[in-house]
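A.B. asks: build me a structure from this.
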Amino acid sequence: MINADQLIKAYGRLRKASGWKASTQRFGINLLSEVTGLLHDVRTEEYKPGKGKSFILNEQGRLRLIRALEPRDMILEHALCDNILNPTLQPYIIHDNGASMVGKGISFTRRRFEQHLHKFYRQYGRDGYILKIDFRKFFDNIRHDVLLKEFAEHIPQETIELLKLILQNNAVDVTGFEDKYTMDNIYNALEHYTAGGKLEGKTILHKSLAIGAPISQIAGIYLPHRIDSWCKTVKGCKFYHAYMDDRIIIHHDKQFLRQILADIMQIAETVGIHINSRKTQIIKLTRPFVFLKTRYFLTDTGKLIKKIPKDVVKRQQRKMRKMARLAAEGQITLKEFQTQYKSWRGDKKRYHAYRTLRRLDSEERKLEKWIKSTHST
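C.D. replies: Numbers count the residues shown, from 1 in each chain. I've put the predicted structure just below:
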């Protein structure tokens, strides 16, 4: 079901994303021989995924453990997702799930949520509640057996056998941490990575998917589809939105939201998903709330006020100052400093944050002058 043309096309995606890497360039120099060898290994069942390299990434103030795959593994996963997994599984994913979907994304999810919020106001005013649900350590705790069972309902068996190899490569060695990490307990990949296990291979935990792999994206979207279908189809939640490990429901009945939360927790337990009780809450619509890095407030006239959360502003200020120091030292160019701010500033025009953005614009100009003055001296 995978041919050479599909693998070459997948290499084009890899080159577009990480063409600056030496490993990607080396693969491209010998593209035809590399693709032929990969295709032979897959068809003769001799394919064995590489371990890749793991590293910690600070993403918007949160530390995440990322695993960079080897080029041949990345290309195969891209080909599997583009030609088999995505076309087969997408029909079972609700329309209002915008994460990593072609033609959607975070902007789509925000726009749909705001449309539904306005529609709810026209029906009920502000007499309603919002249920916010967060999955705890979602990718770290994806169970391989559950995922394969869910996939097997729609995916051909020969693809399932290949997925078993890929998932086996994601299994984690918890030797020395048997009491802390089990199939039922919450596994923390970052904590385990920094603690440094013995890696003796005595105890293997068949759960967790590496962030950064193509298959992890479709798996993360598809695995909670039973929760989404239950809420949208069975319970009739019209104002329901999903984005990766976040879920949000708007409803006029608080008791209904409490009951549906209990139902979601039961379904989540059957597929190995853990609900984060600290971040899961029911909020009255008369109060401000945060969803997808946006602080919303619905006024009594129906106007939707959108603010930038304070932690997002502070994080951007720290980033600008750090990049300004790098630019002053010559490690990055002035244009790279300017581009980063313009990229962050670009989608903030839709916010009601005129003074905040003016303040940041002023700080950015001062940093530019400082960088130029250090270069002139």
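
A.B. asks: give me the element residue 7 is part of.
C.D. replies: Taking DSSP states H and E as the criterion, residue 7 maps to helix 4-18.

A.B. asks: got the angle for the helix or strand following that helix vs helix 4-18?
C.D. replies: Towards the C-terminus, the helix or strand next in line after helix 4-18, according to DSSP H and E, is helix 22-29. What separates the directions of helix 22-29 and helix 4-18 is an angle of 150 degrees, with axes from the mean of the first three to the mean of the last three C-alpha atoms, to 10 degrees.

A.B. asks: residues contacting helix 22-29, please?
C.D. replies: Defining contact as C-beta atoms under 8 Å, 6 or more residues apart in numbering, one finds that helix 22-29 is touched by 11, 14, 15, 18, 19, 34, 70, 71, 72, 75. Any C-beta I mention is one placed from the backbone N, CA and C, and that applies to glycine too.

A.B. asks: quick check, nearest of those residues to residue 278?
C.D. replies: Top of the list for closeness to residue 278, among the contacts of helix 22-29 and by C-beta to C-beta, is residue 18 at 35.2 Å.

A.B. asks: just the angle between the helix or strand containing residue 56 and helix 22-29, please?
C.D. replies: Mapping residue 56 onto the secondary structure by DSSP H and E places it in strand 53-59. Using the same axes, to 10 degrees, the inter-axis angle of strand 53-59 relative to helix 22-29 is 120 degrees.

A.B. asks: state the next helix or strand along the chain beyond strand 53-59.
C.D. replies: Downstream of strand 53-59, the next assigned helix or strand under DSSP H and E is strand 62-68.

A.B. asks: what's the angle between that next one and helix 4-18?
C.D. replies: Orientation note: strand 62-68 sits at an angle of 140 degrees relative to helix 4-18 (the same axes, to 10 degrees).

A.B. asks: export the very next helix or strand once past strand 62-68 as CSV, just CAs?
C.D. replies: Scanning the chain past strand 62-68 towards its C-terminal end, the next helix or strand to appear is helix 71-80 (assignment: DSSP H and E). Taking Å, rounded to 0.1, in the frame of the first residue of the first chain, the C-alpha atoms of helix 71-80 are listed here in CSV:
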residue,chain,number,x,y,z
PRO,A,71,14.9,10.6,8.1
ARG,A,72,13.9,7.1,6.8
ASP,A,73,11.5,6.6,9.8
MET,A,74,10.1,10.1,9.4
ILE,A,75,9.4,9.6,5.7
LEU,A,76,7.7,6.2,6.3
GLU,A,77,5.5,7.7,9.0
HIS,A,78,4.6,10.6,6.7
ALA,A,79,3.7,8.2,3.9
LEU,A,80,1.6,6.0,6.2
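
A.B. asks: list the helices and strands the helix or strand that comes right after helix 71-80 packs on?
C.D. replies: Going down the chain from helix 71-80, the next helix or strand is helix 86-89, by DSSP H and E. Under the contact definition 3 or more C-beta pairs under 8 Å, 6 or more residues apart in numbering; DSSP states H and E, helix 86-89 sits against helix 214-222.

A.B. asks: SS state for residue 247?
C.D. replies: The three-state label for residue 247, taken from DSSP: H, G, I helix; E, B strand; the rest coil, comes out as strand.

A.B. asks: for residue 83, see how far away it is.
C.D. replies: 29 Å (C-beta to C-beta, to the nearest Å).

A.B. asks: show me where the stretch 151-300 of the chain has its strands.
C.D. replies: Along the stretch 151-300 of the chain, the stretches classed as strands by DSSP state E, counting those that start in this stretch are 172-173, 204-205, 240-243, 246-251, 281-284, 289-291, 294-298.

A.B. asks: can you redo those as CSV with mean neighbour count?
C.D. replies: What follows is the strands of the stretch 151-300 of the chain, written out as CSV (neighbours: other C-beta atoms under 10 Å):
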stretch, mean neighbour count
strand 172-173, 18
strand 204-205, 16
strand 240-243, 23
strand 246-251, 22
strand 281-284, 14
strand 289-291, 16
strand 294-298, 18
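
A.B. asks: between those strands, which one is nearest to residue 89?
C.D. replies: strand 240-243 (14.4 Å).

A.B. asks: now do the closest one: everything it contacts.
C.D. replies: Here strand 240-243 makes contact (C-beta under 8 Å, 6+ apart) with 94, 96-99, 106, 109, 112-113, 116, 224, 228, 231-232, 247-249, 292.

A.B. asks: just checking, what's the longest helix in the protein?
C.D. replies: Counting residues, the longest helix in the chain under DSSP state H turns out to be helix 354-376.

A.B. asks: flag every buried residue along it.
C.D. replies: Neighbour-count burial for helix 354-376 flags 356, 360, 363, 364, 367, 368, 371 (criterion: 16 or more other C-beta atoms under 10 Å).

A.B. asks: now that helix - C-alpha only, PDB.
C.D. replies: The C-alpha trace of helix 354-376 is given here as PDB (Å, rounded to 0.1, in the frame of the first residue of the first chain):
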ATOM      1  CA  TYR A 354      -4.600  48.000  21.800                       C
ATOM      2  CA  ARG A 355      -2.600  49.400  24.800                       C
ATOM      3  CA  THR A 356      -0.800  46.100  25.400                       C
ATOM      4  CA  LEU A 357       0.300  45.800  21.800                       C
ATOM      5  CA  ARG A 358       1.300  49.500  21.700                       C
ATOM      6  CA  ARG A 359       3.500  48.900  24.800                       C
ATOM      7  CA  LEU A 360       5.100  45.900  23.200                       C
ATOM      8  CA  ASP A 361       5.600  47.700  19.900                       C
ATOM      9  CA  SER A 362       7.400  50.500  21.800                       C
ATOM     10  CA  GLU A 363       9.600  48.000  23.700                       C
ATOM     11  CA  GLU A 364      10.500  46.300  20.400                       C
ATOM     12  CA  ARG A 365      11.500  49.600  18.800                       C
ATOM     13  CA  LYS A 366      13.700  50.400  21.800                       C
ATOM     14  CA  LEU A 367      15.400  47.000  21.600                       C
ATOM     15  CA  GLU A 368      16.000  47.600  17.900                       C
ATOM     16  CA  LYS A 369      17.700  50.900  18.600                       C
ATOM     17  CA  TRP A 370      19.800  49.300  21.300                       C
ATOM     18  CA  ILE A 371      20.900  46.500  18.900                       C
ATOM     19  CA  LYS A 372      21.900  49.000  16.200                       C
ATOM     20  CA  SER A 373      23.800  51.100  18.700                       C
ATOM     21  CA  THR A 374      25.800  48.100  19.900                       C
ATOM     22  CA  HIS A 375      26.700  47.300  16.300                       C
ATOM     23  CA  SER A 376      27.700  50.900  15.500                       C
END
